[in-house]
Each structure stands twice: as C-alpha cells, then as structure tokens.
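[1] Quick one, what's the 3D model for this:
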Amino acid sequence: MKKKRILVIDDEADFTKLLKLNFDLTGQYEVRTENNGLLGVAAAKAFKPDLILLDIAMSNMDGYEIAFGIRNDKVLKNISIIFMTGKELDSKGLQERVAKLGAYDYINKPCDFQAILAKIKETV
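    Below you'll find the predicted structure:
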C-alpha cells in the first residue's frame, strides 16, 4: 500500500516534530514539515502531498493566506486541507471560513493524535 503524503505547516517546530514522529511510528504516512508560513505553498509544490495540516495562526503568514494560495494554484488546488488552531475562535465563523477556502475541516489544538488520525482517515 502506498503511503499517504502529509505536509504539516505550523510555525511551532516542537509541535511539528512531535506530529512527524507520531506519523512515522504508524508506518502509514510520509510526512514533511514546514515551520515558515511564507514557504508553505512552495513546500506543497515540492512535496505534492495528499493532505495538508495547516495552522491558522502563524507569525509571518496565516493559514488562510496559504490556503488561498493553494486553492488558486492549478497544480495544488485539489489537495485536501485540514486547518489546525490553538486559538479560541467562533466555531460557526471558523466553519464558514474553512468551507469557503475549500478545506475539509479543522482541529483544535492541543489535540489527541488519535483524533488527528481519525480526521485524516475521513479525508484521504
């Protein structure tokens, strides 16, 4: 079985390392991480993932801007996106924005790795 490719874009390096380690332990995924939001679209072009886990609130560029860039790229536009956020946000407003950007769903951080896996299995 071919491993699903996941790109994690989040400016918290410790969080992305932990996620990558957990994904690697499953043996089911090939994972790359990007901690600089400005490089998110370029990382997606280079890696060609099946799914992107994308943090909303990053220091140099937010996840909405990255998702917009992905959705407007003819090669990347069909990649599944799941947003991640550690911020307390209005869930109805967040759901509407996530849907408008063509993302599958969102996950609140901190989150259980099993919950992340379940969401990914629903998506890809």
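
[2] Point out where the chain drops to low pLDDT.
    Across the chain, the ranges flagged by pLDDT under 70 are 87-95, 97-99, 101-104.

[3] all strands of it, in order?
    Ranges of strands in the chain, per DSSP state E, are 4-9, 29-34, 51-55, 80-85, 105-108.

[4] And for the shortest one, what's in contact with it?
    Which is strand 105-108. 53, 56, 82-86, 94-95, 98, 115-116, 119, 122-123 (C-beta atoms under 8 Å, 6 or more residues apart in numbering). C-beta: built from backbone N, CA, C; applies to glycine.

[5] Show me which of the strands of the chain has the highest average neighbour count.
    Across the strands of the chain, the average number of neighbours (mean count of other C-beta atoms under 10 Å) peaks for strand 51-55, which reaches a mean of 25.

[6] same for that strand, what does it pack against?
    Applying 3 or more C-beta pairs under 8 Å, 6 or more residues apart in numbering; DSSP states H and E, one finds that strand 51-55 contacts strand 4-9, helix 63-71, strand 80-85, helix 113-123.

[7] Relative to the whole chain's centre, how far out is the last one?
    Relative to the mean C-alpha coordinate of its chain, helix 113-123 is positioned 12 Å out (C-alpha atoms, centre = their mean, to the nearest Å).

[8] Can you give me the buried ones in it?
    Residues of helix 113-123 classed as buried by neighbour count (16 or more other C-beta atoms under 10 Å): 116, 119-120.

[9] Quick check, central residue of the chain?
    Nearest to the mean C-alpha position of the chain, by C-alpha atoms, centre = their mean, lies residue 53 at 1.2 Å.

[10] Cool, thanks, talk later.
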